[in-house]
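Colleague: got a sequence here, can you build the structure:
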Amino acid sequence: MTNTPPDPRSSQTNALDFDEFIGILVAFVTIGAILFWSFSRKESGWNFNSSLLPSPTPTTSPTPLAIPTPPDVGTRQTPSAPLQENLSRVTPSPTLNPNNLPQEQAPVPPLTSNRTLPLVIPEQKSTIPPPIAFTDVPSDFWARRFIDVLSSRNIIKGYEDYTFRPNQPVTRAEFAAIVEQAFGKELSKTKNTISFKDVPPAFWANSAIDQAVSTGFLKGYPNKVFRPQQKIPRVQVLVALTSGMNLNVPASQTRIISFYRDAKEIPNYANDKIAAATANSLVVNYPNPKVLNPNKEATRAEVAAMVYQALVRTGRLDAIQSEYIVKVPN
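Modeller: Predicted structure coming up:
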């Protein structure tokens, strides 16, 4: 009689059940070891009671975190007290959001400073335009500097072909226009205007003639005649400037007049005015300062020089050194 061999499937089933039992046992032992290790740690931050049970009322008040106060400008920040390290025996404090903490402000520079800043003065720019470069007034022309200054101030003008024509005679109407440009309305009107028969209302220099007559620079002729196209002589230019500026007649009139070699050619009505013009440096004689040529027609260059000297006398222009300006010795 033979024994029947055991069923292989039965032995395999029993072995698997035993292995599973061993695995489960090892798992429980491992979990138990972990739990024992965790509860034995005094400094552990785990607190299973807080997650499984309601939080009891803490017996010790939580220590608040010290919030830094923004430092005042220019002052030094005092460090806050250190935080207590033993937090395992108390309920953790609420976590603060770092974004809500006040940020330390950067020091702001003071508004005032003891340092003195240099005073910056803007460079003053001249508002006077450059003189007109006339093609017929060379650099060595005797009246060049007088012409340059007056042309830059629009007191005298040239012609469309960029010429000045310095040796051209000046008419009475042209002289009235120059006087108006030079003195404007700064002089008060002392005389009434005259309706001259030979100056129509549409005449180009009508207003300039009225201005020159009302301020005492010019006079007309008898019968209300002005003669605007007449060439004005040098003596009339000096008499007009002296009269319009109200220059005083010097006491030494005879001595001053005798300075000129051609003094006898001066009209009697103009002796006192020529003496006043000479004493105030209004007379400019080219090429010889001692020759007045009173009855000679005044050129545009001569009128420019004499008007310039009149403006120097009023303080509006700086004096120019010229050998042709008459200076009578005392």
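Colleague: in the stretch 151-300 of the chain, where is pLDDT below threshold?
Modeller: Residue ranges of the stretch 151-300 of the chain with pLDDT under 70: 185-187.
Colleague: and with 90 instead?
Modeller: 184-193 (pLDDT under 90).
Colleague: same deal with the stretch 1-150 of the chain?
Modeller: For the stretch 1-150 of the chain, the ranges with pLDDT under 90 are 1-132.
Colleague: so what's the residue count around residue 229?
Modeller: For residue 229, the tally of surrounding residues (other CB atoms under 10 Å) stands at 10. To be clear about C-beta, it is placed using only N, CA and C from the backbone, and glycine gets the same treatment.
Colleague: ok, now residue 280?
Modeller: 18.
Colleague: which residues touch it?
Modeller: When contacts are counted by CB atoms under 8 Å, 6 or more residues apart in numbering, residue 280 touches 242, 247, 313.
Colleague: thought the second one was touching residue 274?
Modeller: It stands for residue 247. No: using CB atoms under 8 Å, residue 247 is not in contact with residue 274, being 11.1 Å away.
Colleague: these two - which one has more neighbours?
Modeller: The neighbour count for residue 247 versus residue 274, taken as other CB under 10 Å, is higher for residue 274 (26 against 18).
Colleague: how close does the more buried one get to residue 257?
Modeller: 6 Å (CB to CB, to the nearest Å).
Colleague: check residue 193 too.
Modeller: The value you get for residue 193 to residue 257, if CB to CB is used, is 33 Å.
Colleague: which of these two has more neighbours?
Modeller: residue 257 (19 against 14).
Colleague: how close does the nearest residue to that one once chain neighbours are set aside sit to residue 215?
Modeller: In this structure, residue 257 finds its nearest non-sequential neighbour in residue 263, 4.9 Å apart by CB to CB, 6 or more residues apart in numbering. To residue 215, residue 263 is 29 Å away according to CB to CB.
Colleague: show me which of the two is the more surrounded one.
Modeller: residue 215 (22 against 16).
Colleague: next, the contact list for the more buried one, please.
Modeller: With CB under 8 Å, 6+ apart, residue 215 has these contacts: 183, 187-191, 244.
Colleague: how is residue 309 assigned, secondary-structure-wise?
Modeller: helix (DSSP: H, G, I helix; E, B strand; the rest coil).
Colleague: isn't it up against residue 325?
Modeller: Yes: if you go by CB under 8 Å, residue 309 and residue 325 touch, sitting 6.8 Å apart.
Colleague: if you count surrounding residues, which of those two has more?
Modeller: Each of residue 309 and residue 325 has its neighbours counted (other CB under 10 Å); residue 309 has more, 23 against 19.
Colleague: quick one: the more buried one from residue 156, how far?
Modeller: 14 Å.
Colleague: now do residue 263
Modeller: 29 Å.
Colleague: so what's residue 158 closest to, chain neighbours aside?
Modeller: In space, residue 158 is closest to residue 164, 4.6 Å off (CB to CB, 6+ apart).
Colleague: so which strand or helix has the one you found?
Modeller: Per DSSP states H and E: residue 164 is located in neither a helix nor a strand.
Colleague: what's the burial count for it?
Modeller: 24.
Colleague: ok, it touching residue 148?
Modeller: No: shown here, residue 164 and residue 148 do not form a contact pair, counting by CB under 8 Å, at 10.3 Å.
Colleague: which residues do the two both contact?
Modeller: If you check residue 164 and residue 148 against CB under 8 Å, 6+ apart, the residues they both contact are residue 132.
Colleague: run through the neighbouring helices and strands of the strand or helix carrying residue 241.
Modeller: Residue 241 belongs to helix 234-244 when assigned by DSSP H and E. Packed against helix 234-244 by the contact rule (3 or more CB pairs under 8 Å, 6 or more residues apart in numbering; DSSP states H and E) you find helix 172-183, helix 271-279, helix 300-314.
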